[in-house]
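[1] missing the sequence, but the structure's below:
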């Protein structure tokens, strides 16, 4: 009996996850921003960066400060190759913190407030799952969607970037080890933090617009990090990424547990 009960609970959780993912992929108004934002970040902006390096005069000007803090080995191949490595291995990885948050802000923002607007919240609460499992299922649906979008965005970015580099410079730039840390450790951890906060906010919000407006504020700290990368004040290295991933992973775990304790049916039905 316990096995059958556990199987029913898992099936119900998977059904919630599938339903949430389908509700986004079948809705053009929700799917369009999920596709357009990564397209701009991984195709349009990298193309602008590459074209700037290729056709702007070699006088680096304000880039001198950025180049001077690089190790001597990073300058092998000249200024152009150094700039391309900075773009590939220091600037672009930061976009892969923005992409999952933007995806989550579209999907997770409607996790509970969407159920309220569709008048299906009461039905959801009657499913054979405790509220904690429903909460985690909502988080997992947004998490899986954001990770799928991130990985597909990386594949698209790498294909476009390497093609442009080969055509314009006759050479390729190999992604550094930072990418593995970013894609499989830091980005998932940051995504879980954002999704947990957004899902919690969605439970309190009365409309989808209110929930999405609150979610947009999570992007602001990442904007400062991008500015630091461009100005040369901060060049993220592998050790820093690992430390950030560890801190964010622990924070995500405590945050999910803490939010669950304050998550009640009474709060949802207000």
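    Okay, I see it. Every value quoted in this text rests on a predicted model; they were computed, and no experiment measured them.

[2] please make it C-alpha for all contacts and neighbour counts, starting now.
    OK.

[3] what's near enough to touch residue 249?
    186, 189-190 (CA atoms under 8 Å, 6 or more residues apart in numbering).

[4] same question, residue 40
    Contacts of residue 40 were listed using CA under 8 Å, 6+ apart, and none were found.

[5] gap between it and residue 46?
    9 Å (CA to CA, to the nearest Å).

[6] for residue 120, same thing?
    Counting by CA to CA - residue 120 and residue 46 are separated by 42 Å.

[7] quick check, nearest of the contacts of residue 249 to residue 108?
    Distances from residue 108 to the contacts of residue 249, taken as CA to CA, are shortest for residue 190 (14.1 Å).

[8] where does that closest one fall, phi/psi-wise?
    For residue 190, the backbone dihedrals are phi -60, psi -40 (criterion: degrees, to the nearest 10).

[9] wait, it sits on residue 248?
    Yes - Residue 190 sits in contact with residue 248 when judged by CA atoms under 8 Å, with a separation of 6.1 Å.

[10] quick one on the thing from earlier: tell me which of residue 120 and residue 46 has more neighbours.
    More crowded of residue 120 and residue 46, by other CA atoms under 10 Å: residue 46, with 21 against 12.

[11] now the more buried one, nearest residue through space, not along the chain?
    residue 161 (7.0 Å; CA to CA, 6 or more residues apart in numbering).

[12] got it, and residue 242?
    Once flanking residues are discounted, residue 242 sits nearest to residue 181: 6.7 Å by CA to CA, 6+ apart.

[13] any idea which element residue 171 lies in?
    For residue 171, there is no enclosing helix or strand under DSSP states H and E.

[14] how close does it sit to residue 157?
    In this view, residue 171 and residue 157 are 16 Å apart by CA to CA.

[15] compare those two and say which is more crowded by neighbours.
    residue 157 (22 against 13).

[16] who's in contact with that one?
    Taking CA under 8 Å, 6+ apart, we find residue 157 in contact with 42-43.

[17] ok, residue 178 touching residue 241?
    Yes - applying CA under 8 Å, one finds residue 178 in contact with residue 241, separated by 7.4 Å.

[18] right, and residue 154 touches residue 41 too?
    No - judged on CA under 8 Å, residue 154 makes no contact with residue 41 at a distance of 10.3 Å.

[19] look up how far residue 50 lies from residue 89.
    Residue 89 is 13 Å from residue 50, where distance means CA to CA.

[20] residue 20 now?
    38 Å.

[21] what is the subsequent helix or strand relative to the helix or strand residue 10 falls within?
    Using DSSP H and E, residue 10 falls within helix 2-25. Downstream of helix 2-25, the first helix or strand assigned by DSSP H and E is helix 28-39.

[22] what is that following helix packed up against?
    In terms of contacts (3 or more CA pairs under 8 Å, 6 or more residues apart in numbering; DSSP states H and E), helix 28-39 is packed against helix 2-25, helix 92-107, helix 131-169.

[23] in that helix, what's buried?
    For helix 28-39, the neighbour count (16 or more other CA atoms under 10 Å) marks 30-31, 34, 38-39 as buried.

[24] after it, next one along is what?
    The first helix or strand that comes after helix 28-39 along the chain, using DSSP H and E, is helix 45-55.
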